[in-house]
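Engineer: Build me a structure from this.
(chains A and B)
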Amino acid sequence: MADSDGRQVDSINNATGKELTKEEKQRLRKEKKQHKKSKKDDKGPPEKEKEKGKASVPAPSKPATQSPAHKAAPAPVNASASESPAAAEKPAKSKAELRAERRARQDSDRASKQGKKEGGQQSASSKPKATPNELQPVVKRLPEHVQVDDPAALKKLAKKLERQQVPLRSDYGYKVSLFSHLHQYSRKNPPTQQIRYSVNLHHVLGLQYSQGIIAGSNARSVGLLHAFKQVIQDYNTPPNEELSRDLVNKLSPYISFLSQCRPLSASMGNAIKYIKKEISNIPSQCKEEEAKGKLQACIDSYINEKIILASEAISKYAIEKISNGDVILVYGCSSLVNHILCEAFEKQRKFRVIVVDSRPRLEGRETLRRLVKKGIRCTYVLISALSYILPEVSKVFLGAHALLANGYVMSRVGTSQIALVAKAYNVPVLVCCETYKFCERVQTDSFVSNELDDPDDLIVTRNGKTHLENWQTVKSLGLLNLVYDVTPPDFVDLVITDLGMIPCTSVPVVLRVKNVDQ
Amino acid sequence: MPGADKETDLSERIESFLSELKRCGSGAGSLRGSAETARETTALLRRITAQARWGNAGDLMEIIRKEGRRMTAAQPSETTVGNMVRRVLKIIREEYARSRGSTEEADQQESLHKLLTSGGSSEDNFRQHFAHLKANVIEAINELLTELEGTTDNISMQALEHIHSNEVIMTIGRSRTVEAFLKDAARKRKFHVMVAECAPFCQGHEMATSLSKEDIETTVIPDAAIFAVMSRVNKVIIGTQTVLANGGLRAVNGTHTLALAAKHHSTPLIVCAPMFKLSPQFPNEEDTFHKFVSPHEVLPFTEGEILSKVNAHGPVFDYVPPELITLFISNIGGNAPSYIYRLMSELYHPEDHEL
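Structural biologist: You can find the predicted model right below:
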């Protein structure tokens, strides 16, 4: 049914002239991939066809909506990437084409409705006039890293990794039943142990991720982008292939490997999407050297704009909020918050800082070292002493790992606790976050999507006794080492971004504005 | 002389008890539980009653008050010592009143009517001598000791009334009372326990290993994850170091955060505390009673030169206001926090609040 649709569109294009041959070819390729996908996934085609027929505004946002599929197979991402150049030409298409596509879609939907059980969903999508152009009934593919309890998904992942020659990492230790849908790896067995062939830069990077040497979402994103720059540098286009498509395929095994080392963060996901889009936007008549240079310049400008300049802008806004005599509370180690405090200190603001830290990561000690080196007066407590120290505090500055579309702040575990107790004592909570960390996902609790760190980190030896030494032997004992948690928006008073100071609930507005710009 | 021997023996015991109190106060939590401290204090007071020289009730009360002041000064954070002293003083008053023949309960309390009508005669000097007072007082103290021994069992017996099957219960640190409570319930019901480890002493680890040995599904979580997992918790059951007169708690640090998280998710907070932990202190301000441990627990000496430029704090206790507490379970049953002041007036005489 979709086949006939493709051919129909094909014939229409040829009828209107040869000016759209390249886009038509790309669309054909995309449709073929969609047909393949439809054989596996019944839900795919009607949605994809409908999105194809929409106006340009929703189409570029489709790459954004696919953000949860960080490790999505090349095919659908390519489809969306190649869709954007097609989308850019859409206003040039004639009305006849659009009508024809809509008719074709209606046919396919009617046909699919007969054979499907989920009639409700299809009937909604088979009324094209009823759905406005702005709304997107997106069926996102569930990312693999939250489907550990599904054996079919695991098998699919194993096959994909085998195809890409990426070692599969196995779970470690007893998992708490509430989290059986997540991976739990041991730091002692990184996937780099199984590398037998030559070691590349991304292997080194993966090891640094899994051992925690590079930690923090800005640092991880910058590391990733630098590694990609190297890959692009070393890349040679094989004959009969286009750089714009082949390079993306080349990057996929690296991305799979890195996500095996440590699940990708939202910022890394956005960076990868950006790169893939830039790569597929390279015109095919571009020479290889020129293309590579262009891509490297793109990556450099991304890092510069989204991370470095953004932190300058955020510091400027944040320093307005710091007054003399303030007592500022910070939690853990956020490169952005550290930068803000150092800048404020250089601008001669008089304040002192309270650093709150928590086991088992104890990242606050790193913050402490950096601030003390600058000369800022600091106090250090553990998170259990929060109720003791909060009456002295005038402001709380928190960093974020990602900002979700429903206004929730995803950050290091313990952040929501700090926000909760600060709210109880009426202390303002300010979250600092660059816009490239905004993501389209929504989440209401810390269970559905999280990261489980090595459970052995919780073991501690005090006074010569290690109580949890043999926790694996005790059947009913489990250790839970969460990495992230989500803070509800009513605990957060202000979010400082490079676009300005916004309330937590304005995140989807910013996302929409960004998508229109792109 | 047997009398002098007895006295030196007595003072030796008192001195050794005082030095033990001073010693066990420093360091991780308490090397001995509050129940042991209470028992030892009561035993010591019984010995004082038996061996010290006193002629009438007033003298005895003076002696006990003096020793009590010394004991509480040795370790101010161990409030059970002071509580037991006050209980014994109340026992003495009661026995005295009974010996005198006035059996009214109203004697115990100051009522407006009495203040107006009786004038000066209500001022009881406790100067009358009664022959059997000593024996009665010692007997009453023995009863108190029996009560103390049975507190943990009394509390654990109520466990099945409060825990149903397939529950997720959260607790923090290590409390022997809660441990016994949960183990008792686990004999008949299956449930899941999450223990917050309570840095920096990490007593939660001990609690978790001990619970898991009884085949209770236990999970250890770091303190930072308390709010993150609270949405899946059905009940929070904690122990405490002291119950204050307004119904608030002085508990191990991190408990206030736990209570706030429970309030946010409307999860009931149940405190298992035996009656000897009830203290007539009121919290005047938030920080009238803090106790700190050496900051090297928080920031170890291995951190190097930054240590000299940084203030590190290691508070041991937290104050939890009574609004955050749902229920107190004690050896005399379950009570709401608003009822605590009444229980206190039954246990202690108002004149003994200040030793």
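Engineer: so how far is chain B from A:Pro428?
Structural biologist: 17 Å (CB to the nearest CB, to the nearest Å). Every C-beta, even on glycine, is put in place using the N, C-alpha and C of the backbone.
Engineer: my read: that residue touches A:Leu398, true?
Structural biologist: No: the criterion here is CB atoms under 8 Å, and A:Pro428 misses it with A:Leu398 at 11.1 Å.
Engineer: Which of these two has more residues huddled nearby?
Structural biologist: Legend: neighbour count by other CB atoms under 10 Å in any protein chain shown for A:Pro428 and A:Leu398, higher for A:Leu398 (29 against 15).
Engineer: For the more buried one, which residues count as its bridge partners?
Structural biologist: A:Val431 (DSSP bridges).
Engineer: Would you confirm that it contacts A:Cys432?
Structural biologist: Yes: checked against CB under 8 Å, the pair A:Leu398 and A:Cys432 is within contact range at 7.3 Å.
Engineer: Tell me which residues touch the closest residue to chain B within chain A, please.
Structural biologist: Among the residues of chain A, A:Gly414 lies closest to chain B, at 3.0 Å counting by CB to the nearest CB. Neighbour list for A:Gly414: A:331-332, A:356, A:358, A:383, A:485, B:223-225 [criterion: CB atoms under 8 Å, 6 or more residues apart in numbering or on different chains].
Engineer: Give me the three-state assignment for A:Tyr302.
Structural biologist: Secondary structure for A:Tyr302, judged by DSSP: H, G, I helix; E, B strand; the rest coil, is helix.
Engineer: tell me the contacts of it?
Structural biologist: A:Tyr302 neighbours (CB under 8 Å, 6+ apart): A:225, A:271, A:274.
Engineer: Quick check: closest non-adjacent residue to the last one.
Structural biologist: So the one you mean is A:Tyr274. In this structure, A:Tyr274 finds its nearest non-sequential neighbour in A:Tyr302, 6.0 Å apart by CB to CB, 6 or more residues apart in numbering or on different chains.
Engineer: next one: the second one
Structural biologist: With CB to CB, 6+ apart as the measure, A:Ser221 is the residue that lies nearest to A:Ala271, at 5.1 Å, once sequence neighbours are left out.
Engineer: same check, this time on the first one
Structural biologist: Sequence neighbours aside, A:Ile299 is the residue nearest to A:Leu225 in space, at 5.2 Å (criterion: CB to CB, 6+ apart).
Engineer: Which residue ranges of the chain form strands?
Structural biologist: All of this refers to chain A. Using DSSP state E, the strands found in chain A span residues A:326-331, A:351-357, A:378-382, A:395-399, A:402-403, A:409-412, A:429-432, A:477-479, A:484-487, A:494-497, A:500-502.
Engineer: could you do chain B instead?
Structural biologist: Going by DSSP E, chain B shows strands at B:168-172, B:192-196, B:217-221, B:235-238, B:242-243, B:249-252, B:269-272, B:310-312, B:317-320, B:327-330, B:333-335.
Engineer: Can you tell me the strand partners of the fourth one and which way each runs?
Structural biologist: If you go by DSSP bridges, strand B:235-238 pairs up with strand B:168-172 (parallel), strand B:269-272 (parallel).
Engineer: Contacts for the longest one, please.
Structural biologist: In this structure, residues lying in contact with strand B:168-172 by CB under 8 Å, 6+ apart are B:163, B:178, B:182, B:191-196, B:198, B:204, B:207, B:226, B:229-230, B:232-239, B:252, B:254-255, B:258, B:262.
Engineer: Compare the strands of chain A and report which one is nearest to A:Ala100.
Structural biologist: strand A:402-403 (41.0 Å; CB to CB).
Engineer: Cheers, nothing more for now.
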